[in-house]
Every structure is written in C-alpha cells, then in structure tokens.
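Enquirer: pasted the sequence and its predicted model underneath.
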Amino acid sequence: MVTQPSPRPAGTDTGPLRAAGTSSPAAAGATGRAGSERARVGRPEADGAETERGGCDRVPVNGRSVSSRSVSSRTVNGKAVNGAVVKTAVPAGVAPDGVRRGLVLGGGGMLGAAWTIGALCAIEESTGWQPGRAEVILGTSAGSILGTMLAAGVRAEELRDHQRGLSIRTGPLAGVEFDYDTAVGGALPPRPRPGIGSPGLLRDAVRHPREYPFLTMVSAVVPTGRGSVAPVGDLVRGLVGADGWPLGSGLRVAAVDYRTGRRVVFGDPDAPVAEVDQAVMASCAIPGWFAPVEVAGSPYVDGGCWSATNADLMADRDLDEVYVLAPMALRPAWADSGHVDAGRGTVAALREWRARDRPKGVLAQLVSRYRRTVTRQMLREARHLRDSGVRVRLLAPTLEDLAVMGPNMMDPARRPEVLETALRTSRVALTAVQ
C-alpha cells in the first residue's frame, strides 16, 4: 500500500529548486513496499582512490600507459580482463571532505542523457567533486546507462567527448564505438504488437489503484513494444566485462516488474539476481517502444514507469547529500533568483512555468504535461529525502534547454546542441546557488 512518510525535521539544504521543493506536499512514495524497493547499502571501500581534482596514477597495460581508474573498472580481484592483469581498488566512497554523497540520474531518453552529461560536467567543474565517486549511484532508464559508465570508471568529461564523437584514448571508453543516434532505432519506435502490454498488472491496478503510481497503471495498458535494447547491453558488457557489477561502485538500477508493478532496485540485497547489463536493459525498456527484458524469469520495463527519478529510494542509505539530475523535470527561471518567496507552493510554481512554456502541437502538449507531472513527483521525493535529514541538490532543464530539446526526447538531430546548451545552463545554475 502507498503510505505517507512520517514527518521528521527537515535537513538544511540549498538547491536550484529549493523553494518549490520545500513547499511541496509530503511524498507519497510506496514505503509500504520498502522491503523490495529500498535497502541500506554499505559504503564501498575507497582505498587507493585518486584525489578529487587530481589525475590518477598511470600504469602500463598491454604496452600502453593507462589510468589506474580505467584498469580498475576492467579488473575484479586481480583477474584479467581484456588481457590486463592489474589489482587496484575501484575509486568510490566518502569524499575527502567527509560528506557522504549520492547521485540520482533520472530517465529522459537520448536527449535526456545528453543533458545529464552536460550537468555532470558542470557539477565537477563547479564543485571539484567527481560524480562517479558517489557512494550510491541510482540510475533510471537512460540514467542507468550513464550511472553504469560512471561506476565503471568513466569520467564526466569522457562522457562529454564521447558524445561529441571524439576519440577516447584512455579509460574504459578507450576505443569504444557507439552510435548514439541509431543504436536503439532512431527517433521513432517500431509499430508495437497488438493488445494490452500487461493484463495482469492492469487487473491489479484497477483493483488496487492506490498502490500504483499513475505512470505504472498507464504502462500496463500500452501495447508491447518491438524495439530492442540489446545494443545498450552490449555497451555495458564492453565496459564492465563478464565479471558482473563494478566492484564497490554502489551502482543501483531502478526498474519495474511488468507482471506485478513492483519497483525493484537491482543491486540491492533483496533484489532479484541480475547481471548489470540485464538490469540496465530492463531499466531502459520503455513500454510500447521496447520489448520487456526478462530477468530471473520475470519481465521488466523502464524504471520511469514508477518515477522518472526514483529519488526517494536514496533515503535510509546513510547519505549526507544527494544530487538529483532530472532531465524530464522542469526548472523554473525564478529558481536562480535570490528573491524567491519560499512560501509559494509547487502548484503555483508550475502554473508560472506553464504560462512561460507554451507548447505547440499534440506531442509537445503531452510532453509538457508529463514534465509537470514528473516535476511534482520529483519535488515530493526531494521533500521525503529532506525530511529524513539529507541535503538535496536538484538540477533540471531550463526554458533554454527545453527550447533546444523539443518534444521528442529521442530526436538524434538535437543531441549535440542539447549537450552544449546543458553545459552552459548547468554551470549558471550551480554558480547561482553557491
């Protein structure tokens, strides 16, 4: 059953959406399912990790000098991966300043991933903290791909350069080719199969509507997609090898069981056993676009069917601060102002956004409504985290970002400009709150 979190004194925080977040209603997260959705995660070891801003040590592998960070992502307990035998710690854990940080990477398709990479670069440039060092990295949909890449040792600037089509010479992405524009089929999905996607989930949702988010109920009705996320699995396997999850990374991947509607966090102790490529593919399987991905005998779909961010899952993980990057949410222009009325409610803030964001066309209007829904849910989740004493830093696209994105988040023609715009707007947003 969906229950309201118990009210506790809110932790102090700052962030680009602070005013809207602190005035939002209490989170309506499915805490009654916490046994399967959320578990306390111990902090991974950080011995041998590089400093926050400094470069990492260089070690010889197959006759060339590569970073110890890249080698660590390809070796587990000293075993050989791709011909390299190097025993080194995976850099993750408590930051040098003693702050235990978590990172939430929300879903948003191809363009959402491009925006997120820009925001990740801005975070590292503005704060000196490397997002890949987060104690817990929670990824949903496209965010799970980026989270896995960070956990495998890829730096934010390497993600940026890879998106730009530049050659990566060191690290896990060295020599890796991936066509971001066509890998999963392009801007439009193939025609879905006829019929209801998950009759069992639809039946349960009708009988117990209060137990499921609206997006989960809608996903049950959508026909089964024909697209394949196999290229995403190939990319992930190429980064982490066949040894499983990146050692000590704290990577967690959100997906939804398509039969039961239950939200699952792959990587948590009580989640079904899954290889990391299976988990990521499941989290990316958008209903109606891609076919569900089978894990441990059950079909799974996009974690965004529950929430585009799933940020509430970061509670009870012994974290001090969480960065939430939400490419499908909205960032009101007044969030940067020092004259924000903290008493304004979320609904009023979103009405102001709607007055500025005037979408044209049916698809644009649907996406605009979806963004407002995502924003409300994200703010409830942030409120839940704050009430548990966690500082929350929220980043979401600005009006300028949305103008570049357009309504189709899978449009490859817009990807380069989305990335470059996010690099600029995210820097401004972070500067405004420091």
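Expert: Received, thanks.

Enquirer: every contact and neighbour count from this point should use C-alpha atoms.
Expert: Fine.

Enquirer: could I get the pLDDT score of the nearest residue to V273 once chain neighbours are set aside?
Expert: The spatial neighbour of V273 that comes closest, neighbours along the chain excluded (C-alpha to C-alpha, 6 or more residues apart in numbering), is A296 at 6.8 Å. Reported pLDDT at A296 in the predicted model: 94.

Enquirer: do the same with G304
Expert: Each residue has a pLDDT score; the one for G304 is 95.

Enquirer: so what's it up against?
Expert: G304 is in contact with 107, 140-141, 215, 255, 283, 310, counting by C-alpha atoms under 8 Å, 6 or more residues apart in numbering.

Enquirer: what is the lowest-pLDDT residue among these?
Expert: By predicted confidence, these are weakest at L215, whose pLDDT stands at 88.

Enquirer: give me the neighbour count for the nearest residue to that residue once chain neighbours are set aside.
Expert: Using C-alpha to C-alpha, 6+ apart and skipping the chain neighbours, the partner closest in space to L215 is C305 (5.2 Å). The local packing count at C305 equals 28, with neighbours defined by other C-alpha atoms under 10 Å.

Enquirer: swap in L166?
Expert: Using other C-alpha under 10 Å: L166 sits among 11 other residues.

Enquirer: how much space separates it from M149?
Expert: As defined by C-alpha to C-alpha, to the nearest Å, L166 lies at a distance of 17 Å from M149.

Enquirer: so where does R252 fall, helix or strand?
Expert: R252 is part of strand 251-257 when elements are defined by DSSP states H and E.

Enquirer: what is the subsequent helix or strand relative to that strand?
Expert: Immediately after strand 251-257, counting by DSSP H and E, sits strand 263-266.

Enquirer: for that following strand, which outside residues touch it?
Expert: Outside of strand 263-266, the residues within contact range by C-alpha under 8 Å, 6+ apart are 36-38, 252-257, 271-274, 279, 303, 306.

Enquirer: got a quick PyMOL command for the buried subset of those?
Expert: Burial among the contacts of strand 263-266 is assessed by 16 or more other C-alpha atoms under 10 Å; the matching PyMOL selection reads:
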select buried, resi 36+37+38+252+253+254+255+256+257+271+272+274+279+303+306
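
Enquirer: what residues does M149 make contact with?
Expert: The neighbours of M149, taking C-alpha under 8 Å, 6+ apart as the test, are 236, 239.

Enquirer: looking at this, it is in a strand?
Expert: No: remark: M149 does not belong to a strand; assigned using DSSP: H, G, I helix; E, B strand; the rest coil, it is helix.

Enquirer: any weak-confidence spans in the protein?
Expert: For the chain, the stretches with pLDDT under 70 are 1-95, 242-243, 332-360, 432-434.
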